[in-house]
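Colleague: the following block contains a protein sequence and its predicted model.
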Amino acid sequence: MQNNIRQLFELVSGYGLGGSTVALFGRVGGGIYTKAADVGSDLAGKVHAGLKEDSPKNPGTIADNVGDNVGDIAGMGADLFGSLAESTCAALVVSASSWALCSTANAIYFPLLVTSTGVVVSAITIPFAYFTESSVENKLKLQLIISTVIMSGLLIPVVLTVLPPGGLGIQFGVTTYNTTQWQAYGCIMFGLWSGMIIGLFTEYMTSKTYRPTQELAEACLYDASTNIIKGLALGYKSNVVPIFCLAVTVLFSFTWAGMYGVALAAIGMLGCLPVALTIDGYGPISDNAGGIAEMSNLDPVVRERTDELDAAGNTTAAVGKGFAIGSACLVALALFGAFITSVAESTGNNTYSVNILEPYTFAGLLVGAMLPYWFSAMTMTAVGDAAQMMIVEIKRQVDAIDRGQMTKPDHAACVGISTQASLRKMVAPGALVIISPLLAGYLFWYNATAGILAGNIVSGIQIAFSASNSGGAWDNAKKYVEAGMLKRRDAEGNETNEVCRKGSKEHAAAVVGDTVGDPLKDTSGPSINILIKLSAICSLVFAGFIAKDGGIFVTKPTA
């Protein structure tokens, strides 16, 4: 009976696979679309033709604005939806080992009740946005904190009512975890509070209100190269706090409830999903508002206000990306545990565990750690190639308008370039994500796939955090300069009253950093979420095939 329940739960993993596949289109394809248009419009329109940001004379403006919705609204929504579906699938697969949960159907109800509580809490926190007269960033930050606190309280009766008081009896490998109600609650709390800390720390590293981004802007006083160097260092340093949060969360969750605890932590981190989507969506909405204001020839004061909102939106988008990356790590790890459980069930080897000293596992670990770099190279190259095509088209149209051969820009041509490039260029990264773990399992058996998944998670999370935060900080450093907040210094390094404005060499250095950071923060960084999650869910869906029919180059033990 229990084995039948596990098989039924494994079928649900196909639902998570569908969610992640859609997220692949939204995140990878959308990221290529939006950054090709953004980089092309900036370099060809602003640098070559001297046009203003979002000028109606720039042929790439419409594509740029559409791209914000494709990549940052639809892409992020699909990404976090996939995380929620996959963490629930992982919890179901691992919980099938507990008869205390399965016999009462609480294995199904409990993850859904946690998610439902988060929806209710997110609705409760809406009025708090109107209670304080502070900046947009502070309002959204307050909502994140309040939702975390309220959810922490509301989940107590849910846990005590739904979970059996005598212990869950979760089995993972050869160990049985007699998890209490309060330990299960602790797993959720570690995920919930880690998500909040990661979000707040991301804001600190990328907001122009705080010193890290201000120091990045000050590096523009010297040269674009110093801006690039400090921006990379900022991204690397931004890994420290999130990784410690995730490490502590995994440590306690696994100690208390095995991989079921990790899945609960992932569900907990995604508990405030509506708030996270709100925080992330604010950025592209503000950016589009500024574009519409400029293209409609509204009063310049309107654009000044939308620029302020856009600067806040860059920070809130970075917070949303940090939240999504942290949850992706826990989700991928939970799916990894579900894969191990499924392999053990398929092979009949209930003592199976991952040993990195096993040669196929270690080889897979090395390859898996390399895949995020290969994936990032593919996506960044795709943005560069598509941006080059966009630049050629924009220059052609601008020159034709100047010569009188065209009366107005052809926006549809630029939209077509972004659309076709994003669809073509996402094929190779998508194939890499899906095929790599399956091919490794087919050729070298499940140990190789386990190694690839582990390497993917460990390496991918570091790259995702650093890329997203470097890009977000570079963008806000440019906004800091454009807002007239950067002052020049004298020969002794003392600050003067001379302000760096748009068109200055300092602003040019900031624009270089922003242009470099665009594909990092909106294409490669967030897309790595999809790499680690989709690889894991594909491996879980095909775990039975890999265990029974894979390993054609491996000498299998005889029965």
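Modeller: Arrived safely.
Colleague: and for residue 363, the neighbour number?
Modeller: By the other Cβ atoms under 10 Å criterion, the neighbourhood of residue 363 contains 17 residues. All C-beta spots, glycine's among them, are computed from the backbone N, C-alpha and C.
Colleague: what's the mean pLDDT across the helix or strand harbouring it?
Modeller: Applying DSSP states H and E as the criterion places residue 363 in helix 359-402. Averaged across helix 359-402, the pLDDT comes to 91.
Colleague: give the rounded mean pLDDT of stretch 233-253.
Modeller: Mean predicted lDDT for stretch 233-253 stands at 95.
Colleague: what ranges of this protein fall below the confidence cut-off?
Modeller: 1-3, 45-49, 314, 558-559 (pLDDT under 70).
Colleague: quick one: the strands in it?
Modeller: 170-172, 175-177, 487-489, 495-499 (DSSP state E).
Colleague: in CSV: those, plus mean neighbour count.
Modeller: Shown next, in CSV, are those (neighbours: other Cβ atoms under 10 Å):
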stretch, mean neighbour count
strand 170-172, 21
strand 175-177, 15
strand 487-489, 14
strand 495-499, 10
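Colleague: tell me what the helix holding residue 363 is packed against?
Modeller: helix 30-40, helix 411-425, helix 427-482, helix 505-519, helix 525-541 (3 or more Cβ pairs under 8 Å, 6 or more residues apart in numbering; DSSP states H and E).
Colleague: what do you get if the cut-off is 7 Å, keeping everything else the same?
Modeller: helix 30-40, helix 411-425, helix 427-482, helix 525-541 (3 or more Cβ pairs under 7 Å, 6 or more residues apart in numbering; DSSP states H and E).
Colleague: what about residue 461, how many neighbours?
Modeller: What residue 461 shows, counting by other Cβ under 10 Å, is a neighbour count of 25.
Colleague: the strands of the chain: which one's closest to residue 332?
Modeller: Closest to residue 332 of the strands of the chain is strand 170-172 (Cβ to Cβ; 16.5 Å).
Colleague: among the strands of the chain, which is nearest residue 331?
Modeller: strand 170-172 (16.9 Å).
Colleague: who does that closest one pair up with?
Modeller: strand 175-177 (antiparallel) (DSSP bridges).
Colleague: and the contacts of the partner strand?
Modeller: Contact partners of strand 175-177, identified using Cβ atoms under 7 Å, 6 or more residues apart in numbering, comprise 169, 170, 256, 257, 258.
Colleague: apply 8 Å and report the result again.
Modeller: Residues outside strand 175-177 that contact it (Cβ atoms under 8 Å, 6 or more residues apart in numbering): 168, 169, 170, 171, 256, 257, 258, 260, 261.
Colleague: among those residues, who's most crowded?
Modeller: Ranking these using other Cβ under 10 Å puts residue 260 first, with 34 neighbours.
Colleague: what's the spacing between that residue and residue 184?
Modeller: With distances taken as Cβ to Cβ, to the nearest Å, residue 260 is found 8 Å from residue 184.
Colleague: got any residues that touch both of the two?
Modeller: In contact with both residue 260 and residue 184: residue 168, using Cβ under 8 Å, 6+ apart.
Colleague: which ones are touching residue 188?
Modeller: Counted by Cβ under 8 Å, 6+ apart, residue 188 has contacts 114, 155, 159, 264, 265, 267, 268, 271.
Colleague: do the same with residue 150
Modeller: 121, 124, 125.
Colleague: make it 6 Å
Modeller: Residue 150 sits next to residue 121 when contact means Cβ atoms under 6 Å, 6 or more residues apart in numbering.
Colleague: for the one 10 residues further on, same thing?
Modeller: For residue 160, the residues meeting the contact criterion (Cβ under 6 Å, 6+ apart) are residue 181.
Colleague: now the helices for the stretch 251-400 of the chain?
Modeller: Secondary structure of the stretch 251-400 of the chain (DSSP state H, counting those that start in this stretch): helices located at 273-295, 300-347, 359-402.
Colleague: which of these sits closest to residue 145?
Modeller: The minimum distance between residue 145 and those falls on helix 273-295, with 10.0 Å, by Cβ to Cβ.
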